[in-house]
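Generate a structure from the sequence data that follows.
(one chain, ligands or ions: 1)
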Amino acid sequence: MRPEELEEKKNKRKRIAKIKTFMICFFMFFLIVPSVISVIALIRMERLEKSILETRNMIEDISVRLDNAGIKETASAADPDVSVVKNEVFLSSGEDYGTLSNSRPKTVSKKVYLTFDDGPSSNTERILDILDTYDVKATFFVNGHEKYDEELKKIAEAGHSIGMHSWSHDYSDVYADLDSFADDLDRIHSHILEVTGVDSTYYRFPGGSSNCHTMDVYECISYLDAKDISYFDWNVSAADAVSGTKSAAQIADTVIKGIEKEEGECVIVLMHDAAGRGTTVDALPGIIEAVMSMEGAELLPISGTTEEIHFR
Ligand SMILES: [Zn+2]
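Prediction:
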């Protein structure tokens, strides 16, 4: 073979080797590399799927627990005896993801003070018997009715509060001027002290503090202040002293609705202990039972801590 032919054959072999190398590289690049990438991608996708599944389970878990918490809240609000006030939510992993604090609305509390003006009277004993039956203490704002001193004594012995409602209950006399007001106050105060031993520090203006038209009521209020005497008007009236006799059912209805309507914590109910007010006494059991059945309400006698309701 000639040297030229040998050289050409050598070059041909080299070209074939180059083509083979190219072909190998071509396959390597277009077959192996994508396969490797695909495998890596598959592994990652699998991990991602697992992660998504875990997250979904976690969300469902939280959702179920929130629903349960909501049911508990509803139940506790409907049933006052259920004392659940806080629902804590944890994930199933045991990890604390925080606390959901759902405070139950506080039960509305009402302090109801039954007050009886104008006694003692022929009805006092019946009122005392009813209060005793229900083991309830009330407040009697009394006048100077000496013939009922025994009843006055019984009011004190039963543990009810005794307040002053003036001696005479005669507007033209009590509100004539400050001297007249002071004399009348001193007389009823001394009488209560003498008969019962109670040093009364509670006062109710005859007709209420807005009833004083003949003199400046603030003079009277200042006088009471100087003597450390608190005065109490009312925010619920039985309207049992208006003209015409109301039935027991009407009185009870008026008082109960008044108490329910009153938004404040302190409810002072005006009623009368007087001859001719027998229907007030008849209404009393129904009123007491209604208040006792009101959630958060309690019947109390006026004391030094009672919120003072003032018209003036
Ligand atoms: Zn009165």
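
hey, where'd the helices end up in the stretch 151-300 of the chain?
171-174, 178-196, 217-226, 248-261, 278-293 (DSSP state H, counting those that start in this stretch).

by contact count, what packs against the fourth one?
Going back to what we said before, that points to helix 248-261. For helix 248-261, the packing partners by 3 or more C-beta pairs under 8 Å, 6 or more residues apart in numbering; DSSP states H and E come out as strand 236-237, strand 266-272, helix 278-293. Every residue, glycine included, has its C-beta placed from N, CA and C.

out of those, nearest to the ion?
Minimum separation from the ion across the helices and strands packed on helix 248-261 (C-beta to the ion) falls at strand 266-272, 7.1 Å.

Kindly reformat the helices of the stretch 151-300 of the chain as JSON lines containing mean neighbour count.
Converted to JSON lines, the helices of the stretch 151-300 of the chain look like this (neighbours: other C-beta atoms under 10 Å):
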{"stretch": "helix 171-174", "mean neighbour count": "16"}
{"stretch": "helix 178-196", "mean neighbour count": "17"}
{"stretch": "helix 217-226", "mean neighbour count": "15"}
{"stretch": "helix 248-261", "mean neighbour count": "18"}
{"stretch": "helix 278-293", "mean neighbour count": "19"}
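
Which among those helices is found nearest to the ion?
Judging those by C-beta to the ion, what sits closest to the ion is helix 171-174, at 9.9 Å.

Please export the C-alpha coordinates of the closest one as CSV.
The C-alpha coordinates for helix 171-174 follow below in CSV (Å, rounded to 0.1, in the frame of the first residue of the first chain):
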residue,chain,number,x,y,z
TYR,A,171,-94.9,67.0,103.0
SER,A,172,-95.9,70.5,104.2
ASP,A,173,-94.3,69.8,107.6
VAL,A,174,-91.2,67.8,106.6
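
Stretch 142-159 and the ion, are they touching?
No - under the criterion of C-beta under 5 Å from the ion, stretch 142-159 makes no contact with the ion; the nearest approach is 7.3 Å.

quick one: contacts of that stretch?
Here stretch 142-159 makes contact (C-beta atoms under 8 Å, 6 or more residues apart in numbering) with 118-122, 124-125, 128, 131-132, 137, 140, 162-169, 187-188, 191-192, 195-198, 301.

May I see the buried residues of it?
Buried residues in stretch 142-159, counted by 16 or more other C-beta atoms under 10 Å: 142, 143, 144, 145, 148, 151, 152, 154, 155, 156.

so how far is it from its chain's centroid?
Mean C-alpha position of stretch 142-159 versus that of the full chain (C-alpha atoms, centre = their mean, to the nearest Å) differs by 37 Å.

average model confidence for that stretch?
Here stretch 142-159 scores 98 as its mean pLDDT.

Output the lowest mean pLDDT helix or strand found in the chain.
The weakest-scoring helix or strand in the chain, judged by mean pLDDT, DSSP states H and E, is helix 33-78 (a mean of 51).

if I look at residue 296, how far off is residue 135?
Distance of residue 296 to residue 135, given as C-beta to C-beta, to the nearest Å: 19 Å.

With mean pLDDT as extra columns, can I get the helices of the stretch 151-300 of the chain in JSON lines?
As requested, these are exported to JSON lines (pLDDT from 0 to 100):
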{"stretch": "helix 171-174", "mean pLDDT": "96"}
{"stretch": "helix 178-196", "mean pLDDT": "98"}
{"stretch": "helix 217-226", "mean pLDDT": "97"}
{"stretch": "helix 248-261", "mean pLDDT": "97"}
{"stretch": "helix 278-293", "mean pLDDT": "97"}
